[in-house]
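1. 3D model of this:
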Amino acid sequence: MAVCLDDSHDSHEVGLTGVALPVSLDLDIPAQYRGDARDPGAAKFSDCSVGASTSLTLKLTNRSTDLPATVQFRRIAHFSCQPARKCLQAGQSVDVTVTFAPRQMGLCC
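-> Residues are numbered from 1 along each chain as shown. A predicted model of the protein is given here:
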């Protein structure tokens, strides 16, 4: 990178360095709501009839010690999240409520 300092076109090289830090988020699913051995990272909702709803509260934690992280949950049929978008500062946690509200019969996954 060259930086022109005056009209005489003198230039100086400037060395730049940076550090790439990973984003580390943890979504804690309470044991009673975890999927089976085939899919232990899944959250399992109780059976629910059309027109009713059931919710789970999960804890989302920003494990980074340096960086904030903005999380946004995309809309998925029959499911909603509150908050749908959240900025978590380094080390901050937030409870996320995920609601399942089926609008048709069947297995929704």
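
2. Would you state the strands of the protein in chain order?
-> 2-4, 11-13, 25-28, 54-62, 69-72, 79-82, 85-88, 93-100 (DSSP state E).

3. separation between the closest residue to Ala90 other than its chain neighbours and Asp26?
-> Residue nearest to Ala90 in three dimensions, not counting chain neighbours: Ser64, with 5.0 Å by Cβ to Cβ, 6 or more residues apart in numbering. No exception for glycine: its C-beta is placed from N, CA and C like everyone else's. From Ser64 across to Asp26, the span is 10 Å (Cβ to Cβ, to the nearest Å).

4. Neighbour count for the two, which is higher?
-> When Ser64 and Asp26 are compared for neighbours, Ser64 comes out ahead with 18 against 10, by other Cβ atoms under 10 Å.

5. Tell me which residues touch that one, please.
-> Leu21, Pro22, Val23, Ser24, Ala90, Gly91 (Cβ atoms under 8 Å, 6 or more residues apart in numbering).

6. Need the max-distance pair from these.
-> Across the contacts of Ser64, the longest distance by Cβ to Cβ is 14.7 Å; it joins Pro22 and Gly91.

7. okay, these two: which has more neighbours?
-> Gly91 (12 against 7).
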